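> Below is the structure, and that's it, no one-letter string:
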Ligand SMILES: NC(=O)c1ccc[n+]([C@@H]2O[C@H](COP(=O)([O-])OP(=O)(O)OC[C@H]3O[C@@H](n4cnc5c(N)ncnc54)[C@H](OP(=O)(O)O)[C@@H]3O)[C@@H](O)[C@H]2O)c1
């Protein structure tokens, strides 16, 4: 087992994940830069610096996840922090189509089940598959923790409030995939209570990345901030929380 703590960030070749990787490396972690495309992962790892290694992992591909888990175990021997960051917002938004317009084509009454399945495959089942593959090595690493990168748009409580400005875009594809991720977060936190492994969900806020066609208002530094803060909480830190920045809890 290597002495330095090891963090794996899925979907770290760009956006918030890349920024999380940079910050964890600067906090002394060996960072595994997860990327479904190895070449892009290698380019990102070079950008992160000497403490980073590219790790090919497509969260929808069981063979890829299995090989990645074996590599983590065999080459690094520990996994202190797993950041489940990889996600997609859609597969069918047309070039130039606004988020509101896309939302209007994906309401429960008209959504394509294939579109919903494709997004949930990455954002929900992909997270669970990576969790299952990495669990043995997380359990073998004292003080390990998991951060699931969710979104405030998945909050059932917020979206049930008629005064919430963005509730018109709540729908079965991306928003509900994050609701399901929140449910998985609670289930994982409950399962891992006896092991002392902390599992928390965070919301980056509306961040300027590829996910939203760079329409977000926050920088990637702002978007990465809560995931990094929660990743660095010590063994006494809480579990089963959903937060956006310090002391800002989001209702489930
Ligand atoms: N941006 C926002 O406003 C915002 C708000 C709330 C929550 N979030 C969450 O923040 C996280 C990061 O998103 P982002 O904004 O940084 O978006 P992004 O720039 O599009 O990054 C998403 C990352 O996930 C990767 N990915 C997608 N499908 C994958 C798969 N099957 N296997 C492995 N990796 C996969 C992408 O890889 P490729 O480069 O190969 O596509 C990319 O590296 C996501 O969980 C997102 O839901 C974002």
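On my side now, so go ahead. The structure displayed is predicted, hence computed values, not measured ones. Numbering: from 1, shown residues only.

> would residue 45 count as being in a helix?
Yes - with DSSP: H, G, I helix; E, B strand; the rest coil as the criterion, residue 45 is part of a helix.

> was I right about it contacting residue 53?
Yes - in this structure, residue 45 is within contact of residue 53 by C-beta atoms under 8 Å, at 5.8 Å. (C-beta placed from N, C-alpha, C; glycine too.)

> what do the two both touch?
Shared contacts of residue 45 and residue 53, defined by C-beta atoms under 8 Å, 6 or more residues apart in numbering, comprise 31, 33.

> out of these two, which sits in the more crowded spot?
In this view residue 45 and residue 53 are compared by other C-beta atoms under 10 Å, and residue 45 has more residues nearby, 24 against 18.

> ranges for the strands of the stretch 151-252 of the chain?
Per DSSP state E, counting those that start in this stretch, the stretch 151-252 of the chain carries strands over the ranges 198-202, 242-243.

> same for the longest one, what does it pack against?
Other elements packing on strand 198-202 under the criterion 3 or more C-beta pairs under 8 Å, 6 or more residues apart in numbering; DSSP states H and E are strand 145-149, helix 174-192, helix 220-231, strand 242-243.

> what do you get if the cut-off is 10 Å, keeping everything else the same?
strand 81-84, strand 145-149, helix 174-192, helix 220-231, strand 242-243 (3 or more C-beta pairs under 10 Å, 6 or more residues apart in numbering; DSSP states H and E).

> Minimum distance to the ligand: which of these has it?
strand 145-149 (4.0 Å; C-beta to the nearest ligand atom).

> pretty sure residue 111 is touching residue 175, no?
No - if you go by C-beta atoms under 10 Å, residue 111 and residue 175 don't touch, sitting 11.4 Å apart.

> of these two, who's got more company?
Counting neighbours by other C-beta under 10 Å for residue 111 and for residue 175 shows that residue 175 has the greater number, 24 against 16.

> Distance check, the more buried one against residue 47.
31 Å (C-beta to C-beta, to the nearest Å).

> again with residue 76
From residue 76 to residue 47 the distance is 20 Å (C-beta to C-beta).

> More neighbours: the two, which one.
More neighbours surround residue 76 than the other of residue 76 and residue 47, with 21 against 13 (other C-beta under 10 Å).

> was I right about that one contacting residue 68?
No - under the criterion of C-beta under 10 Å, residue 76 is not in contact with residue 68, lying 11.2 Å apart.

> what sits in contact with each of those two?
8, 32, 55 (C-beta atoms under 10 Å, 6 or more residues apart in numbering).

> Show me what from the stretch 151-252 of the chain comes close to the ligand.
Counting by C-beta under 6 Å from any ligand atom, the stretch 151-252 of the chain comes close to the ligand at 151, 203-204, 206-207, 209-212, 216.

> residue boundaries of the helices in the chain?
Along the chain, the segments classed as helices by DSSP state H run 15-26, 38-48, 62-71, 99-104, 113-120, 126-139, 156-159, 174-192, 220-231.

> returning to what we had before: closest to residue 167 among the shared contacts of residue 76 and residue 68?
residue 8 (34.2 Å; C-beta to C-beta).
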